[in-house]
Each structure stands twice: as structure tokens, then as C-alpha cells.
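Asker: here you go, sequence then predicted model.
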Amino acid sequence: TGKFPTPSGECLEVPCVAFPWFEGEGVKSLVRVKLETVAEPLHRQTALHPKEGVYGLFGWNTIPNDAKEVVITAGEFDAVAVHQATSLPAVALPSGTTSLPPEVLPLLEQFECIYLWLGSDVQSRQAATQFAKKLNVDRCYLVRSTEDQGNVPTALTALNRDLDLKAAITSAAPFTHKKILTFQQLREEVYGELSNASEVAGVKWQRFPKLTSILKGHRPGELTVFTGPTGSGKTTLMSELSLDLCKQGVTTLWGSFEIKNVRLIKTMLKQFSGLNLENHLVQYNFWADKFQHLPIYFMGFYGPVDIGVVIKTMSHAAYVYDIQHVIIDNLQFMVGAISNLDRYAVQNQAIAEFRKFASVMNVHVTLVIHPRKEEESTELTTASIFGTAKASQEADNVLILQSQGPKQKYLQVTKNRFDGDIGRHPLQFDRDSLTLSGCFNHNFKSSGKYSSDYTPSAVRLGPQVRVQRSSFNSEKQNPTTSLQKKTQSSESLDSVAKLDHTSLPSVHTLSHQLSNTIMNQSTPILDLEEGSILSKDTLNTERWNDSIEDEEIGVFSEDADYTLKTKIS
């Protein structure tokens, strides 16, 4: 078992799987242990013991000192599957496909042949290509699915399907860095893109579904220019956009030249937790620990910095931390105060350098650029971007934060080189969480459907029922019931303050109360995950065993003196 913190400041002891990390040549030494909770993938938590320390490799202790080939996987169970099925040496990366830490590179120097089996999805293939460059492409081979095997994302999946893992490894394709290629060399890659069209379009925003429908996703190797009026919330919105991607594993590097990093991170923590942490300091360590696991880094610059120094820092981060997204906020502050003629030239040079970096390093670069001075009532356009037309010409995407007053904001896409779609994404500012996506406000619908994986602590449903939900079980003795989710039209809901836990009556009483509340309640009940309404007409007792895993729901009755807080399992 391992101890994991809860927002109340307490630690909950839960069952875990322990994965030891080893390092060293000759004599292998244990350096750290990774603990992973036994739960569905969406709700798994991980912790490292000790929290701070060097990186090692799972499975390194099983590698013979004279081994000349090794299979590298993204997951620990994949490495176990490879070794079990083939007896080949296999290790798992400490951070999966997120990064290949430079600390483990010396351990891999002894191998003449390295097989990378990270998965068949687009993001995994991109990670494999990036890692091969660090490991020397001449000795690296990519294990991937074939048309005969179908989609086999991992070694563990292949083992469970009784596929021949050794045949898959021996048929691995070499990485190539030649400048002249044949279709035969690219054939499998073309097939992969055709069969995974949605993944090729990039990582999808979860909090901003309308933006995803316009841009289709966030793709590597592109340059995005983002502008908006001064004081309209560009940094706040960019923070939430990048946080959305970072939560999905997009390794991010922030270059905040106008706002100091401490202030930026404070904003991100509020957006991450959905709380004004100044009023919930008891929860700070819980959210800080979760935030610390995100693959996000910050440049140590503030104010004007030479473009060469910035590019060098970005290149270092791309190599060491496998950065996938770089944000420069903002270009004018980075360039500094110089005369207009020189300023245009320096800005154009900087844009050209960032464009080159994005293309060569296959990293998405987002440039925040202030607009020219316009009338407050005038809607900004692509031509409003400060400087010459080079910014909009070089950009793959142009995003504009339009502000027609404090309550009328929307994000406008005016250029989309991927497929040409343009459009608008409505925004609404929430003061407590500093979010603009509307993910913590159930009165706001950005696309007709609730768009976030977050929910507020509590929402008011009507005169008699309140529902509270969270993603962890803070009381080990909570009873278990089930609830079938169905959707109907949504209704307006008012936020209420988070309610404290109280003592609970018996399991039978709680289950009976929950059943009666759902089946007999005339006021609709909110499905928090879908942002839709449940009612007795959409529920029946035969569906109670169709359940949501690892969630909690609390039903509060205004005329009762207790709280029903029960795990839905």
C-alpha cells in the first residue's frame, strides 16, 4: 500500500503496485521506487519514493552486463510482457512517452541494437522518433503494428492477444535519417496516418471542445500566433490552454517575459484545482503535489532577452526534457524597448528563428504578440498583429482573444493551415478559478455540452437536492451503490459553497435514501460528468448495476441533518 494525500490534508492508504528503478554499471543499485495505485487508468495515481532523486530504469537489474540488445517500452507491464514472452532484455522508461531523461542515457550506451516499442498511436511514434535521435538513430529500431496484426499498441496487449512478440521485434523497422526517401520506406507511416486520422490531427483540448472542432487538435512542428487587447486576459487564457494540453501529457516549456513565474504558477494552480487556493490553503499541498507531476517547465527569464539565448535554452529543453510545446509570452517584452524601425527588424528575425525551431525540432511554438493600437470598440483582425505581416504569414494558426466588455469574450481562429476551418469559441471568466473555459460554471455551455473533466465542488439542483462529486474516496468506510447515467436537456444551476463531511447513517439507510431521492424526486438531478439532467423518467432500478467507476456522489437533503456521500463503483 501507499499513502496519497487528499484535499483535506490527510493521507489515504490505498493498494499500489511498486516498480523499482535501478541504475549503475556492473553492480545495479536501487535508486527510487514508483508507486501506482490499483485503479482504472483514468483514475490511477503515481508517487515516487523518495520524491526527489535521480532517474533509473525499471528492469535494469535483469539486464546482463554483456547484453548488446534491449527492448525499451513505455510501461512497466509492457517490459515484463516482453521479457516473459521472448527472454530478451527489456526496460521501461521512467516517464513513459513523455520524456527520455538524460540521466538514463549512459546506461544505454552498451547496446548495439535498441528496439523502441512505445505504442502504435501517433503520439507514441513521435516520441519514438524523438528518442531515437537522442540514442543515435543508427542503432534504433521501431516496433510497430502491421496490417496482419491489426492495431497492437503495446507489448502487453500483444501478449494478451497471443501474438508472436519475438516476430514483432525481429521485424522492427530501422529509423532513417537519409534526405532522399522512397515510398517503400514511408509506406507504413502513410498507412499509420490514414488509419489514425484523428490522432494525426493532434492532441484535443478537453476544456475547449469548440476550439478542437475548429483546429482539430494541437500538432507538433507548428507555429501559433496569439494576440488580444492589452489587459484582456491573454496570459490567463494561454495558461489554461497550455494546462489543458499538459494534463494530457504534452510536455510544455513556458517563457514568461512579462509576468514572473511565481505569479504565473499561482494562476495555473487555481485553474488546475478549480479553487481560489487563497481561501483553501489547507488543500495547497494536495494540489501542489498533483501539479508537480505535470510535464511542465519554466524558463528563468524576465524582461528583455537576446533571441539567441532564448533559442539555445529552448533547444536544450527539447533535448533534455523532450519539450513538445513552447510558449513565448510575449514577443514584445522579450525583444525589449528599441526604436520602431529596429524593432520591426528584430521582431521579424525572432519570428523567423521561432519558425525554424518549430520546423526543425518538431515542437509546437506559441507566440503571444500584442496588437497594434485599435479603437476599443473595434474587433481585432489578423492585420491587427503588431509589426509587419511576417507574423501572420509564418504562422500556421492565428488566434485572437476578442473582448467586447468584461462579460463578452471569445477566442477567434482567423487562420488554420491544417484544414482551413475558422470560427469562434465563446469564453466566460470565473473569478475564483481564473478560468475562461467555463469548465467550473454549469450555467455556461461553450458548445451545447459540458466540456471539461472537472466539476465544481457542489452545485444546487433545486429546492431539495444537492449533489457533490469528487475523484477520490476520502473515507475508507463509505458505502457503495450504483447509478445509471442518462442525459436530457440541461437546466440553469446555481453554485453553492462546498459542504463539510458529516457522520453517516447506516449503509441501508443511505442506499434507500439515494434510491428514493433519485426515483421520487420531482426536481431534476444533474449528471455532473455530462452536464446534463437526470430525472425519474430516465432512470429505472434495472439499470442500477450499470455503473460509473471510482467516482463519489453526495446527496444533501435540505430537511435532513446528514450527508449521503457514497462511492459509485
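Answerer: Thanks, I have it.
Asker: from now on I want contacts and neighbour counts done on CA atoms only, so please keep to that.
Answerer: OK.
Asker: next structured bit after the longest helix belonging to the chain?
Answerer: Ranked by number of residues, the top helix in the chain under DSSP state H is helix 340-361. The helix or strand immediately downstream of helix 340-361 is strand 364-368, counting by DSSP states H and E.
Asker: residues contacting that following strand, please?
Answerer: The contact list for strand 364-368 (Cα atoms under 8 Å, 6 or more residues apart in numbering) reads 218-227, 234, 324-331, 354-355, 358.
Asker: now the end-to-end length of stretch 87-104.
Answerer: 22 Å (Cα to Cα, to the nearest Å).
Asker: in it, which residues are buried?
Answerer: 88-94, 96-101, 104 (16 or more other Cα atoms under 10 Å).
Asker: run through who's touching it.
Answerer: Applying Cα under 8 Å, 6+ apart, the set of residues contacting stretch 87-104 is 21, 23, 54-60, 62-64, 67, 69-76, 78-80, 82-83, 118, 123-124, 127-128, 131, 249-251, 295, 320-323.
Asker: that one: how far from the chain's middle?
Answerer: On the basis of Cα atoms, centre = their mean, to the nearest Å, stretch 87-104 sits 20 Å off its chain's mean C-alpha point.
Asker: and the buried ones among the contacts of stretch 87-104, selectable in ChimeraX?
Answerer: Filtering the contacts of stretch 87-104 down to the buried ones (16+ other Cα under 10 Å) takes a single ChimeraX command:
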select :21,23,55,56,57,58,59,60,63,69,70,71,72,73,74,75,76,78,79,80,82,83,118,123,124,127,128,131,249,250,251,295,321,322,323
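Asker: so residue 48 is in contact with residue 21, correct?
Answerer: No - the criterion here is Cα atoms under 8 Å, and residue 48 misses it with residue 21 at 10.1 Å.
Asker: common neighbours of those two, please.
Answerer: The contact lists of residue 48 and residue 21 share 32-34, where a contact means Cα under 8 Å, 6+ apart.
Asker: who wins for neighbours among these?
Answerer: residue 32 (22 neighbours; other Cα atoms under 10 Å).
Asker: contacts made by the helix or strand encompassing that residue with the rest, please.
Answerer: Element membership of residue 32 [criterion: DSSP H and E] is strand 29-37. For strand 29-37, contacts defined as Cα under 8 Å, 6+ apart pick out 2, 14-23, 44-50, 53-56, 61.
Asker: pull up the pairing partners for it, direction included.
Answerer: Here strand 29-37 is paired, per DSSP bridges, with strand 16-23 (antiparallel), strand 46-49 (antiparallel).
Asker: pLDDT (mean, whole number) over the last one?
Answerer: Average pLDDT, strand 46-49: 88.
Asker: return the set of buried residues in it.
Answerer: 46-48.
Asker: can you add distance to residue 143 and give the residues you listed back as CSV?
Answerer: Below are these laid out as CSV (distance: Cα to Cα, whole Å):
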residue, distance to residue 143
46, 27
47, 29
48, 29
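Asker: of all those, which comes closest to residue 376?
Answerer: residue 46 (48.0 Å; Cα to Cα).
Asker: and stretch 193-210, what's buried?
Answerer: Under 16+ other Cα under 10 Å, the buried positions of stretch 193-210 are 199-210.
Asker: for it, how far is the first residue from the last?
Answerer: 24 Å.
Asker: next one: that stretch to chain centre, how far?
Answerer: With Cα atoms, centre = their mean, you get 13 Å for stretch 193-210.
Asker: just stretch 24-33 next, same as before
Answerer: 31 Å.
Asker: now do it, average pLDDT.
Answerer: pLDDT averaged over stretch 24-33 gives 89.
Asker: and that stretch, which residues are buried?
Answerer: 31-33.
Asker: got any ranges where the stretch 201-350 of the chain has weak pLDDT?
Answerer: Applying pLDDT under 70 to the stretch 201-350 of the chain flags residues 337-341.
Asker: now the strands for it?
Answerer: According to DSSP state E, counting those that start in this stretch, the stretch 201-350 of the chain carries its strands in the segments 223-227, 252-256, 296-298, 325-329.
Asker: same check on the stretch 351-500 of the chain?
Answerer: 364-368, 397-403, 409-416, 423-427, 458-460, 465-470, 480-481, 494-495.
Asker: and the longest one, what other elements does it pack with?
Answerer: Right, strand 409-416. strand 397-403, strand 423-427 (3 or more Cα pairs under 8 Å, 6 or more residues apart in numbering; DSSP states H and E).
Asker: out of these, deepest packed?
Answerer: Most buried of the helices and strands packed on strand 409-416 by mean neighbour count (mean count of other Cα atoms under 10 Å) is strand 397-403; its value is a mean of 24.
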